[in-house]
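Chemist: I need the structure of the sequence given here:
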Amino acid sequence: MKKLNLPLIVLVIAILAMMAFIYPSLPSERNNANPPQERVASPFPENVTKIFENCCFDCHSDASSNEKALAKMNLSKWNDLSAAKKVGRLQDIQDILNKGDMPPAKYAAKYPDRVPNKEQKDIIIKWAEDESNKLLGN
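Modeler: Just a heads-up that it's a prediction; the model follows:
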């Protein structure tokens, strides 16, 4: 058996030690270190959530970069609002849908499939009325 070369062994150990600091875990271990979180439950009824996801969340959720729309209403922050603020926002939702002010015409022209139809508007308006009454204790 040939005599092992001591400098070569030291070099290999040094390289392995450096790799341990540079790559502390294998890629597969890193991917599983923070597994995907379960989706947070929506504060809205399922039928309302589906409409919001299709028609409103593009501009009025944390996923949006539309600062102007987010300043008016961020549906992702709904649970952070006080009961009084929710009642005000619910009234705003009703007023805006009844007037046909949402979505803006420019957005509606570009994404016609994102415009709520009459049935969807009625569902949201009814929910907003019922939710307001609950919050007000009626």
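Chemist: helix or strand for the residue nearest to Leu81 when sequence neighbours are not counted, which one?
Modeler: Distance criterion Cβ to Cβ, 6 or more residues apart in numbering; nearest residue to Leu81, sequence neighbours excluded, is Arg89 at 6.7 Å. Every residue, glycine included, has its C-beta placed from N, CA and C. For Arg89, the host element (DSSP states H and E) is helix 83-99.
Chemist: helices and strands around that helix, which ones?
Modeler: The contact analysis (3 or more Cβ pairs under 8 Å, 6 or more residues apart in numbering; DSSP states H and E) places helix 83-99 against helix 118-136.
Chemist: on that earlier part again, roughly how far apart are the residue nearest to Leu81 and Ala63?
Modeler: 19 Å (Cβ to Cβ, to the nearest Å).
Chemist: do Glu46 as well
Modeler: Taking Cβ to Cβ, one finds Glu46 at 19 Å from Ala63.
Chemist: out of Arg89 and Ala63, which sits in the more crowded spot?
Modeler: Using other Cβ atoms under 10 Å, the more surrounded residue of Arg89 and Ala63 is Arg89, with 19 against 9.
Chemist: Please name the nearest non-neighbouring residue to Gln91.
Modeler: Ser132 is the one closest to Gln91 (Cβ to Cβ, 6+ apart), at 6.8 Å.
Chemist: Over to Val115?
Modeler: Using Cβ to Cβ, 6+ apart, the nearest residue to Val115 is Ala108, at 4.8 Å.
Chemist: what about the one you found, neighbour count?
Modeler: With other Cβ under 10 Å as criterion, Ala108 counts 15.
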